[in-house]
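> Let me see the structure of the following:
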Amino acid sequence: MLQTLVERFPQFLLKTSAYRGQDTAVIKREGLLEMAGRLRDDPGLQCDLLMDLTAVDYLKYGRSLGSAPTRSTPSPLPYYMKPKPTTEIWERAVSNETYRFDVVYHLFSSVYHHRIRLHVPVTAADPVVDSLTSLWAGANWFEREVWDLFGIRFTGHPNLRRILMYDEFQGHPLRKDYPVNKRQPLIGPTT
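So this is what the prediction gives:
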């Protein structure tokens, strides 16, 4: 699958990787709609299901022990079998300082039973990507959740409004710089 993307969309790809059977492509946001449409409509790919859409905030990534870019991968073997240690290195294709967020899409093909993960890096100054609601209706709820919790906007979304927090809520609670002890405005009955 990655080879097909490399051949058809070299201008949009920043990085591709395959680790333990999981294909990942880091792409420019300008190519998201075109590439997602190709993944869905191409007869050889047919990624007809948007399994998940979420975001990652890399504000403090690699700056604390708990977010070190190199972590030991736990073994699926029982404790008495002495597994071989494997080290997984998490590297981004872009700078954490420039691109604070990644919007992450998980696509699945129910025909070929393969999946792919797309990462779209976005900046904190302009956290906007194209909406995929025109390709998958289920993207509507996922995109509203990402907007509500991370503050990433989706161009072309039919109804981008809060889905988990109330309308008067200030800020986006899953951002790394959201103040934990922030007091929110009290709301009461409207009638």
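> which helix is the longest one in the protein?
Counting residues, the longest helix found in the chain (DSSP state H) is helix 139-150.
> Using CSV, list the CA coordinates for that one.
Written as CSV, here are the backbone C-alpha positions of helix 139-150 (Å, rounded to 0.1, in the frame of the first residue of the first chain):
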residue,chain,number,x,y,z
ALA,A,139,-15.8,11.7,10.1
ASN,A,140,-18.4,14.3,11.3
TRP,A,141,-18.3,13.1,14.9
PHE,A,142,-14.6,12.4,15.0
GLU,A,143,-13.8,15.9,13.7
ARG,A,144,-16.1,17.5,16.2
GLU,A,145,-14.4,15.7,19.0
VAL,A,146,-10.9,16.7,17.8
TRP,A,147,-12.1,20.3,17.4
ASP,A,148,-13.6,20.3,20.9
LEU,A,149,-10.6,18.7,22.7
PHE,A,150,-7.6,20.0,20.7
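> which helices and strands does that helix pack with?
Using 3 or more Cβ pairs under 8 Å, 6 or more residues apart in numbering; DSSP states H and E, the elements in contact with helix 139-150 are strand 49-57, strand 153-155. Backbone N, C-alpha and C define where each C-beta goes, glycine included.
> ok, 6 Å please
strand 49-57 (3 or more Cβ pairs under 6 Å, 6 or more residues apart in numbering; DSSP states H and E).
> ok so, going back, what are the buried residues along the longest helix of the chain?
Across helix 139-150, burial judged by 16 or more other Cβ atoms under 10 Å covers 139-140, 142-150.
> remind me which residues of the chain are low pLDDT?
64-90, 188, 190-191 (pLDDT under 70).
> Format the buried residues of helix 139-150 as CSV; extra columns: distance to residue 187.
Output for the buried residues of helix 139-150, formatted as CSV (distance: Cβ to Cβ, whole Å):
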residue, distance to residue 187
139, 29
140, 25
142, 26
143, 25
144, 20
145, 21
146, 23
147, 20
148, 16
149, 19
150, 22
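> out of those, who's nearest residue 162?
Proximity of the buried residues of helix 139-150 to residue 162 (Cβ to Cβ) peaks at residue 148, which lies at 4.7 Å.
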